[in-house]
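Visitor: build me a model:
(chains A and B)
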Amino acid sequence: MKKKVFATLVSAMMLASVLAGCGATAAAPAPAAAPEAKEETAEAAPAYDSAGEEAAPASEDASGDVTIWYYWETPGHQEALDHIIQEFNGQQDKITVQAKYVPFADFKKQLSVGASAGELPDIVILDNPDHASYAAMGIFADITDRFDVSTYYPGPVNSCTLDGRLYGVPFGSNDLVLFYNEDMLADAGCEVPATWDELLDVAKKTTKGNVYGFAHCALQNEEGTFNFLPWLWSTGQTSYEINSEGGIKALEFEKSLVDAGAFPKEAINWTQGDTMNQFISGNLAMMINGTWQIPTMRQEVPDMKWNVAPIPQDKQQASGLGGENYAVIAGGNEEAAIAFLKYATSKDTCLYMMDHMGYISSDSTIAKDQFQGDAVYQVFVDEMQYANARGPLPEWPDISDAISLAFNKVITGESDAASAAAEAQATIDSILGQ
Amino acid sequence: MKRIRNFFRYDNIGLLFILPAFCYMMFFVGYPIISNIILSAQNVTVKNLVKGQKEFIGLENYITLFGDDVFRKALLNTLTFTVACLVFQFLIGFLLALLFNKNFRLAKPVRGLTMIPWMMPMTVTALMFKFMFSTDVGIINYILRSAGFIKENIEWLTTPGTAMIAVVAANVWIGIPFNTILISTGLTTIPQELYESASVDGANGWQKLTRITLPLLRPTIESVLVLGFIYTFKVYDLVYVMTEGGPVNSTHLLSTYSYKLSFDMFQYSKGSSVANILFLILLLVGILYLKITMQGEED
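Guide: Here you go, the predicted structure:
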């Protein structure tokens, strides 16, 4: 009899492990640190049929296969990338480019695993705050004299630079601004806030019923840090000086929003996409969010009256710089990879990608002609001058973790601003002191 | 040659039969474990993963970890989480098994339905519970408020203490079918005659439960608890999706913290140390399980 019990148990166990296996593979962990475009659907952008015809031809000696890894899950993004790759492959016959999609949740893991196993592609398109870490790992080629970025915005270029050497090319950028619901502000009799005090005031006045006045993604990860840092920078402090008058002031400002009931505590579990969904569902009067949400918002709620403005400031204007960079893998097919990058960043090709994805080109000469006559995008383009890069520092993920822990402690009321700042500073100092 | 042939005579021939399985296990299970142990004794971070010296630092990672508040919290959380989940999912699963054992009409289809939580992809369950525990629009607060238990909404997932309750609740829901099914199977092996003769002797329901059902179910219960411990102890995706270890690290488990150290913060050696500690605990429980089942065989 016991044998029978044992047999049933063993079969149940086997079933269990099969099921557990299913669970594990089916479970794509929720989007982690992701200050980039993810939920958007590219709106129909004008076609650039002639794109690439005047692009730089592949250099003489470059040939062979080039593989690209990227993590955009939006069909519009994938199609845009595919479009320029097909065009590139069609106009010359020495280099064949192909792209491989790696889910964002697995991207960093795949890169780390690939780096230690020596199984990497030739180009990766990655989230810019992670760039320095991988450059320090030594998997990216130094392209300092092989690619010209003199016309690019300093923030994005900075994110590809380590110890004065260039390890990548900015793909495209996005930044953060204040989104507001025009009707809700008008109903509350408020002007668009430009300073912290005004923001607090407007947020209080627009908070009623189920509507919160203001929120930004405050996840305890890179995505949350990305949205919090503009407050810190606006006080004139750098990312590494959180235990300062400005740092404590920034944390206290968050606290005052939460205490006033104008900022939902639940924002600590909201991705930027969740925050946008709350806004377009009419549950938020104002939010901080990024460029890449515009195509979706225009498509989902064409009748909603919303607009954008620079992030309200304390001492100076500041915004967060997001976006991706191209990086060439050291020891891969470097020449051919650079030839493709030269093509992909040429004006028409770049414009095609940017317009389909709702990104701002990191090349200032291209960006200034982008979105002509589109007042909403113009605010983002203007804000680019004040957008700071995170890092660049190989240990940035640890710094970011300390910062996000600090504002999470303050928002949840676990500790006050001063002690949260002091604790974060201790971690940051120990990392920088190494 | 003769010696070799002699070696494989009789009992030793068994060694040949297990050789393929042994090779497979060494390659796919043994190698990763050993390489992970080596990794945890080095100081591999983002700077020396690919090139540069990988220094051997012995147990230093483990020592640092035990001084790390988040790690200690994660270890404690994992134990609390596992014990809390086991208690509730076992009790509820046991009661459901007793209920379905009554063979009332629809007992079988309803028992089938209780399997749903187990069939559902973990991410879906996690997202569902995340919505249900949402402060302002979650159905749980709505029900509690409507029933008059609470006046103010509870901030389930944004307050450290209650976030743990929420993830435990979600995992209990997933674990109940596992317990129900195994205990149901165990119950069917108990001969009905025992209950009949007990009834003749005038035993009441409680006596039948404690004198017949529980003692005869002991091997099943032990296995359910040990297996449940193993499955619960290594839960990752549920917590990752629901809270990502937050708020303020209050729901980090060893699994989520290990992942975070390795793949978010690029501290590969530390991450693998956490994974090894997780492995060591499960190994002990696994040995315990083998012992129990072997005893069962011998009886």
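
Visitor: right, and residue B:85 touches residue B:230 too?
Guide: No: contact between residue B:85 and residue B:230 fails when scored by CB atoms under 8 Å: they sit 12.0 Å apart. Using the backbone N, CA and C atoms, a C-beta is placed for each residue, glycine as well.

Visitor: more neighbours: which of these two?
Guide: Legend: neighbour count by other CB atoms under 10 Å in any protein chain shown for residue B:85 and residue B:230, higher for residue B:85 (25 against 19).

Visitor: now do residue B:118 against chain A, distance only.
Guide: Separation of residue B:118 from chain A (CB to the nearest CB, to the nearest Å) stands at 6 Å.

Visitor: could you confirm that residue falls within a helix?
Guide: Yes: judged by DSSP: H, G, I helix; E, B strand; the rest coil, residue B:118 forms part of a helix.

Visitor: could you report the neighbour count for the closest residue to it other than its chain neighbours?
Guide: Distances taken as CB to CB, 6 or more residues apart in numbering or on different chains place residue B:177 nearest to residue B:118, at 4.2 Å, with adjacent residues excluded. Neighbours of residue B:177 under the rule other CB under 10 Å: 22.

Visitor: show me what contacts residue B:177?
Guide: By CB atoms under 8 Å, 6 or more residues apart in numbering or on different chains, the residues touching residue B:177 are B:93, B:114, B:115, B:116, B:117, B:118.

Visitor: next one, pLDDT for the fifth one please.
Guide: By that I understand residue B:117. Note for residue B:117: predicted pLDDT of 88.

Visitor: that one touches residue B:171, doesn't it?
Guide: No: with contact defined as CB under 8 Å, residue B:117 does not reach residue B:171; the gap is 10.0 Å.

Visitor: so for these two, which sits in the more crowded spot?
Guide: More neighbours surround residue B:171 than the other of residue B:117 and residue B:171, with 27 against 16 (other CB under 10 Å).

Visitor: okay, now the sheet partners of the helix or strand where residue A:97 lies, with direction.
Guide: Here residue A:97 sits within strand A:95-101, counting by DSSP states H and E. Partner strands and pairing direction for strand A:95-101 (DSSP bridges) are strand A:64-70 (parallel).

Visitor: buried set for the strand it pairs with?
Guide: Using 16 or more other CB atoms under 10 Å in any protein chain shown as the test for burial, strand A:64-70 gives A:66, A:67, A:68, A:69, A:70.

Visitor: residues contacting the fourth one?
Guide: Neighbouring residues of residue A:69 by CB under 8 Å, 6+ apart: A:99, A:100, A:102, A:107, A:110, A:111, A:121, A:123, A:124, A:125.

Visitor: let's see 7 Å
Guide: Counting by CB atoms under 7 Å, 6 or more residues apart in numbering or on different chains, residue A:69 makes contact with A:100, A:102, A:121, A:124.

Visitor: can you check the last one too?
Guide: By CB under 7 Å, 6+ apart, the contact list for residue A:70 reads A:81, A:99, A:101, A:125.

Visitor: quick check: beta-bridge partners of it?
Guide: Under DSSP bridges, the beta-bridge partners of residue A:70 are residue A:101.

Visitor: and the stretch 1-150 of chain B, which residues reach chain A?
Guide: Within the stretch 1-150 of chain B, the residues that sit near chain A (CB under 7 Å from any CB of the partner chain) are B:46, B:47, B:49, B:50, B:51, B:118, B:121, B:122, B:123, B:134, B:135, B:136.

Visitor: need those in a markdown table with neighbour count and secondary structure, can you?
Guide: Below are the residues of the stretch 1-150 of chain B next to chain A laid out as a markdown table (neighbours: other CB atoms under 10 Å in any protein chain shown; DSSP: H, G, I helix; E, B strand; the rest coil):
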| residue | neighbour count | secondary structure |
| --- | --- | --- |
| B:46 | 25 | coil |
| B:47 | 16 | coil |
| B:49 | 22 | coil |
| B:50 | 18 | coil |
| B:51 | 12 | coil |
| B:118 | 20 | helix |
| B:121 | 16 | coil |
| B:122 | 23 | helix |
| B:123 | 19 | helix |
| B:134 | 20 | coil |
| B:135 | 19 | coil |
| B:136 | 14 | coil |
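
Visitor: tell me how far the nearest residue to residue A:180 once chain neighbours are set aside lies from residue B:100.
Guide: Spatial nearest neighbour of residue A:180, chain neighbours left out: residue A:286 (4.6 Å); criterion: CB to CB, 6+ apart. According to CB to CB, to the nearest Å, residue A:286 and residue B:100 sit 53 Å apart.

Visitor: among the contacts of residue A:70, which two are most distant?
Guide: Greatest spatial distance among the contacts of residue A:70 (CB to CB): A:101 and A:125, at 10.6 Å.

Visitor: neighbours of residue B:208, how many?
Guide: When counting by other CB under 10 Å, one arrives at 15 neighbours for residue B:208.

Visitor: which of the residues in the strand or helix carrying it are buried?
Guide: Assigned by DSSP H and E, residue B:208 falls within helix B:205-208. Buried residues in helix B:205-208, counting neighbours by 16+ other CB under 10 Å, are absent.

Visitor: alpha carbons of the helix or strand that that helix is followed by, as PDB, please.
Guide: Downstream of helix B:205-208, the next assigned helix or strand under DSSP H and E is helix B:214-233. Only the C-alpha atoms of helix B:214-233 are listed here, as PDB (Å, rounded to 0.1, in the frame of the first residue of the first chain):
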ATOM      1  CA  LEU B 214      -4.200  11.300   9.900                       C
ATOM      2  CA  PRO B 215      -2.000   8.400  11.000                       C
ATOM      3  CA  LEU B 216      -2.600   6.600   7.700                       C
ATOM      4  CA  LEU B 217      -1.900   9.800   5.700                       C
ATOM      5  CA  ARG B 218       1.400  10.500   7.500                       C
ATOM      6  CA  PRO B 219       3.700   9.500   4.600                       C
ATOM      7  CA  THR B 220       1.600  11.600   2.200                       C
ATOM      8  CA  ILE B 221       1.500  14.500   4.500                       C
ATOM      9  CA  GLU B 222       5.300  14.400   5.000                       C
ATOM     10  CA  SER B 223       5.900  14.300   1.300                       C
ATOM     11  CA  VAL B 224       3.500  17.100   0.600                       C
ATOM     12  CA  LEU B 225       5.100  19.300   3.200                       C
ATOM     13  CA  VAL B 226       8.600  18.600   2.100                       C
ATOM     14  CA  LEU B 227       7.800  19.000  -1.600                       C
ATOM     15  CA  GLY B 228       5.800  22.100  -0.800                       C
ATOM     16  CA  PHE B 229       8.800  23.500   1.100                       C
ATOM     17  CA  ILE B 230      11.000  23.000  -1.900                       C
ATOM     18  CA  TYR B 231       8.600  24.600  -4.400                       C
ATOM     19  CA  THR B 232       7.800  27.500  -2.100                       C
ATOM     20  CA  PHE B 233      11.400  28.200  -1.000                       C
END
